[in-house]
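Chemist: Sequence first, then the predicted structure:
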There are 2 protein chains.
Amino acid sequence: MHFSKTSEYAIRVLSYLSVHNESLHSVNTLHKELDFPYKYLTKLMTGLTKKGLVISNRGREGGFSLARDSKDIYLNDILNAVEDSGVNEDERCILGFDKCDSTNPCMLHDKWIKPKTLIDDMLLNTTLAELARSNKKI
Amino acid sequence: MHFSKTSEYAIRVLSYLSVHNESLHSVNTLHKELDFPYKYLTKLMTGLTKKGLVISNRGREGGFSLARDSKDIYLNDILNAVEDSGVNEDERCILGFDKCDSTNPCMLHDKWIKPKTLIDDMLLNTTLAELARSNKKI
DNA sequence: AAATAATACTACGATAAAGTACTAATTATC
DNA sequence: GATAATTAGTACTTTATCGTAGTATTATTT
Ligand code: SF4
Ligand code: SF4
């Protein structure tokens, strides 16, 4: 009942880019600042580039920056970018039933619907800009 | 952001036992009814027996039944029984930080605290009896 | 006592997620 | 142009989760 490591990395690294938005940041820098595995982070950043969340600048003095304004990047965008299962995070069910017919819900549904609504609300309405504004630990 | 397969199996099989509490149910029956992998279910049930959630009756005409009244079995008990990481499900954080100092919270904390509270509430206060009462699909 | 139907146990295999190694391509600086 | 610092890409290894196989043990029925 938690995000995958990859999702955690993605959220945190994009938060970092959002807070330090004045310049480019190399994978090496991000690796040192956030203490994520260097090579894994490289792969992750390549993926985020392909998904259009960050812009990469190759070569010496290169690095990464956010592809669009942090006000326009939602947590939901990030989660959907890193997971390639094709299932949207906000459509996912707690029990992961293959077919979930809402007209024939399972026993947990009534109990799950309230937390689920709040989670979806968080994912769909929280932007990187908001997170950055909190001035908390990344 | 969902339960593990094992957790799903555990919740659903115990729900089944809760609804059909009048008799014993063999692994074979449960396998057919719920369509979980037979051998995996055997292992799971052995584990649930050791954790004291169900009682096993060996031999012909044997099977499993709940170890205590379904009013006294909470979702949280089930999750903690099947995960052997030692981390209590209700103490777990969304980002899975190794050390989370609540006096020095991360950026997501304020956004996460409300959904988290509802999830904990669901896990800590929902009993199998309640689920069974809903008369919904298992 | 034998046959049967059930759980209990241990070890192994398959799959997916996480992490590592190595090399190629790109670009600023010298 | 050479060099150094960076991203990009591919393939591999490791780890955890999920699932399977085979056998031993137990209890009921006949
Ligand atoms: S009924 Fe609700 S809780 Fe159950 S599987 Fe479907 S969406 Fe999930
Ligand atoms: S501060 Fe809150 S959200 Fe962040 S890691 Fe700790 S418990 Fe989780």
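Modeler: Cool, got the structure. Ligands and ions are numbered 1, 2, ... in the order given.
Chemist: where's the residue nearest the centre of chain A relative to DNA strand D, distance?
Modeler: The centroid of chain A falls nearest to A:Ile78 when counting by C-alpha atoms, centre = their mean (3.0 Å). Going from A:Ile78 to DNA strand D by C-beta to the nearest atom of the strand, to the nearest Å gives 17 Å. C-beta: built from backbone N, CA, C; applies to glycine.
Chemist: Please name every helix or strand in contact with the one helix or strand that residue maps to.
Modeler: Here A:Ile78 sits within helix A:75-82, counting by DSSP states H and E. Under the contact criterion of 3 or more C-beta pairs under 8 Å, 6 or more residues apart in numbering or on different chains; DSSP states H and E, helix A:75-82 touches helix A:5-19, helix A:38-50, helix A:109-125.
Chemist: let's see 10 Å
Modeler: Counting contacts by 3 or more C-beta pairs under 10 Å, 6 or more residues apart in numbering or on different chains; DSSP states H and E, helix A:75-82 is packed against helix A:5-19, helix A:38-50, helix A:109-125, helix A:128-133.
Chemist: I'd assumed A:His25 was in contact with A:Leu41.
Modeler: No. Applying C-beta atoms under 10 Å as the test, A:Leu41 and A:His25 come out as separate, 11.0 Å apart.
Chemist: what's the overlap in contacts for the two?
Modeler: Taking C-beta atoms under 10 Å, 6 or more residues apart in numbering or on different chains as the contact rule, A:Leu41 and A:His25 both touch A:Val13.
Chemist: ok so, going back, could I get the helices and strands packed on helix A:75-82 in a markdown table, plus columns for distance to ligand 1?
Modeler: Output for these, formatted as a markdown table (distance: least, C-beta to the nearest ligand atom, whole Å):
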| stretch | distance to ligand 1 |
| --- | --- |
| helix A:5-19 | 20 |
| helix A:38-50 | 28 |
| helix A:109-125 | 3 |
| helix A:128-133 | 28 |
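Chemist: Out of these, flag the one nearest DNA strand D.
Modeler: Nearest to DNA strand D among these is helix A:38-50; the distance by C-beta to the nearest atom of the strand comes to 4.2 Å.
Chemist: which residues sit against the helix or strand following that closest one?
Modeler: The helix or strand immediately downstream of helix A:38-50 is strand A:54-57, counting by DSSP H and E. Residues outside strand A:54-57 that contact it (C-beta under 10 Å, 6+ apart): A:13-14, A:17, A:24-27, A:45-50, A:62-68, A:73, A:81.
Chemist: The residue located most distally from the centre of chain A and chain B, how far apart?
Modeler: For chain A, the C-alpha farthest from the mean C-alpha position belongs to A:Asn104; by C-alpha atoms, centre = their mean, that distance is 31.7 Å. Separation of A:Asn104 from chain B (C-beta to the nearest C-beta, to the nearest Å): 6 Å.
Chemist: ok, now which ones touch that residue?
Modeler: The contact partners of A:Asn104, by C-beta under 10 Å, 6+ apart, come to B:136-137.
Chemist: State the phi and psi torsions of it.
Modeler: phi -130, psi 70 (degrees, to the nearest 10).
Chemist: got a pLDDT number for the nearest residue to A:Thr49 once chain neighbours are set aside?
Modeler: Counting by C-beta to C-beta, 6 or more residues apart in numbering or on different chains, A:Thr49 lies nearest to A:Ser56, which is 4.7 Å off, once chain neighbours are set aside. As predicted, A:Ser56 sits at a pLDDT of 95.
Chemist: A:Ser56: neighbour count?
Modeler: 16 (other C-beta atoms under 10 Å in any protein chain shown).
Chemist: which bits of chain A sit near DNA strand D?
Modeler: Contacts of chain A with DNA strand D, taken as C-beta under 7 Å from any atom of the strand, map to A:25-28, A:39, A:42-43, A:45-46, A:49-50, A:56-64.
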